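# Sequence first, predicted model second:
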Amino acid sequence: MLPEMVEVWQETLNWQPTESQHQQFQRLYAGILAGNRQLNLTRITQPDEFWEKHLWDSLRGVASLLSGEEKPLNIIDIGTGAGFPGLPVAIALPSSSVTLLDSTRKKITFLDSLIPQLAIPNATTVLGRAEKVGQQRQHHQRYDIALVRAVGSASACADYALPFVKSGGLGILYRGHWSEDQTDELKGKVESLGGAIASVESFTTPISHSIRHCLYLRVPIRLG
Ligand SMILES: C[S@@+](CC[C@H](N)C(=O)[O-])C[C@H]1O[C@@H](n2cnc3c(N)ncnc32)[C@H](O)[C@@H]1O
């Protein structure tokens with residue numbers, strides 16, 4: 001069973017799951033544990049660790065969207081693996097559409113069986129490589145937000161994410177340790193892709209106090 005962590009959600013993200021969202025998180029945890037018996041999906045299986053690294057960390061990247069009235073957004077999670085950060089985001093933002101993209105067929109097959117069990121009607125999957133799918137008409141510059149966690153270097157993640165992002169939208173890169181020098185190094189890359197580094201947020205996770213960063217890459221509003 002996952003811990004409820006009501007106060008921690010509230011204090012750290014100014015948000016807490018409803019009872020039905022908490023049940024969806026429980027079903028997600030059970031589904032990942034069951035999937036892990038056949039597939040090597042994640043090393044993170046203990047309840048507290050799963051809560052922190054898969055649920056809380058996934059939602060920390062979109063914290064600013066959680067409180068207040070939800071605006072329906074088109075979101076893609078690139079290299080989603082077993083569904084992170086995309087599935088917790090789809091549960092927390094039920095008015096938004098979340099596309100889960102991965103290049104590994106067995107991961108997408110797993111997600112296709114998991115999504116109906118979790119009753120998440122706003123999540124769908126796409127099988128393919130980000131470099132290719134991001135150039136397809138139905139995906140190119142179609143998303144308000146592109147999320148990328150643990151898929152490669154920051155430069156590669158920016159390369160994957162920004163082609164999906166529409167004018168005025170955001171690429172969100174989930175990183176561990178990060179330095180100002182790395183921001184300076186990434187700046188040219190992001191600008192060559194037509195974006196800008198809007199902000200870098202640094203935080204510690206609530207249980208293990210691990211250091212994390214989120215990089216917010218803005219695609220400017222294109223005129224004309
Ligand atoms: C280390 S896992 C991270 C999974 C998840 N984002 C997380 O944080 O738990 C990386 C995933 O990215 C996928 N991947 C790697 N390169 C990719 C690409 N070019 N396009 C789409 N998916 C890719 C892999 O198949 C794998 O499932």
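Received, thanks. Numbering: from 1, shown residues only.
# low pLDDT regions in this protein?
223-224 (pLDDT under 70).
# quick one: the helices in it?
6-13, 19-36, 47-49, 57-60, 63-66, 86-92, 105-118, 130-133, 154-161, 180-192 (DSSP state H).
# So which of those is nearest Ser167?
The minimum distance between Ser167 and these falls on helix 154-161, with 14.6 Å, by C-beta to C-beta. Bear in mind the C-beta positions are built from the backbone N, C-alpha and C, glycine included.
# For that closest one, name the packing helices and strands.
Judged by 3 or more C-beta pairs under 8 Å, 6 or more residues apart in numbering; DSSP states H and E, the packing partners of helix 154-161 are strand 74-78, helix 130-133, strand 143-149, strand 165-175, helix 180-192, strand 211-218.
# Paired strands for the third one, with orientation please.
When pairing is defined by DSSP bridges, strand 143-149 lines up against strand 74-78 (parallel), strand 165-175 (parallel).
# on that earlier part again, which among the helices and strands packed on helix 154-161 is found nearest to Leu65?
Of those, the one closest to Leu65 (C-beta to C-beta) turns out to be strand 143-149, at 8.2 Å.
# now the closest one and helix 154-161, what's the angle there?
With axes from the mean of the first three to the mean of the last three C-alpha atoms, to 10 degrees defining the directions, strand 143-149 sits at 150 degrees from helix 154-161.
# Now do the buried residues in strand 143-149.
Buried positions in strand 143-149, judged by neighbour count with 16 or more other C-beta atoms under 10 Å: 143-149.
# Run through who's touching that strand.
Identification of contacts with strand 143-149 by C-beta atoms under 8 Å, 6 or more residues apart in numbering yields 57-58, 61-62, 73-79, 84-86, 89, 99, 157, 160-162, 164-166, 168-174.
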